[in-house]
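*Asks:* this one's sequence-less:
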């Protein structure tokens, strides 16, 4: 059967009750028969319309793949794709090849957006000295090749397990709380993280603006 819109008269009991609970409307009466239970709700009309829309969305999602692609071809053509990228993990699984070699792969897959993680212990091995020599060329190559970048700068947590990447100088100082401990704004870790974040942002602005103007595309 082809897809058709659901009318309010065709709304299932399950969908109506589920939606009523989800949207927090107070049930003031339930009228029960053999096959139906009709809640008399506050704002019945608005609740009904909302639930009908939700049920129709589920029906559309249940289309066969070929029907779905044909029906929503124009909308799908406007979708842009992205991914997360960890250069450290790339080097690990690719036996040390240059992380910038991912760019032709991204282009081939029509991926134009990248979430990029910056690890604290990678860029600040000494307190107060932010070094983007590892990440800078990779970031610049993404930008030069038309790939937009969303930076995940942490600093206390960044993506890729184990997520926490504090610098060695902070670990050796004993100012890293134990697992499960609550980090407050007054803690040494929070203060160090804030100072580092300010330094990192300044260095990112300086480095990326310079490199964007002075380098070509990655081949």
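*Replies:* Alright, I've got the coordinates. The model shown is predicted, which means the values in this text are computed figures rather than measured ones. Numbers count the residues shown, from 1 in each chain.
*Asks:* Okay, domains of this structure per the record?
*Replies:* If you go by automatic domain parsing, the domain ranges for the chain are 8-76, 80-214.
*Asks:* how about CSV for those, with mean pLDDT and mean neighbour count added?
*Replies:* C-beta coordinates here come from the backbone N, C-alpha and C atoms, glycine included. Converted to CSV, those look like this (pLDDT from 0 to 100; neighbours: other Cβ atoms under 10 Å):
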stretch, mean pLDDT, mean neighbour count
domain 8-76, 63, 12
domain 80-214, 87, 15
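*Asks:* Surely residue 113 touches residue 84?
*Replies:* No. Residue 113 lies out of contact with residue 84 (Cβ atoms under 8 Å); the separation is 10.1 Å.
*Asks:* Identify, by residue count, the longest helix of the chain.
*Replies:* Using DSSP state H to define each element, the chain has its longest helix at helix 188-214.
*Asks:* hmm, who's touching stretch 171-181?
*Replies:* With contact meaning Cβ atoms under 8 Å, 6 or more residues apart in numbering, stretch 171-181 is reached by 166, 170, 183, 187, 188, 189, 192.
*Asks:* now the end-to-end length of it.
*Replies:* One end of stretch 171-181 sits 15 Å from the other (Cα to Cα, to the nearest Å).
*Asks:* Equivalent analysis for stretch 58-73, please.
*Replies:* By Cα to Cα, the extent of stretch 58-73 from end to end equals 18 Å.
*Asks:* what ranges do the strands span in this structure?
*Replies:* Using DSSP state E, the strands of the chain run over 27-32, 37-41, 81-85, 111-117, 148-152.
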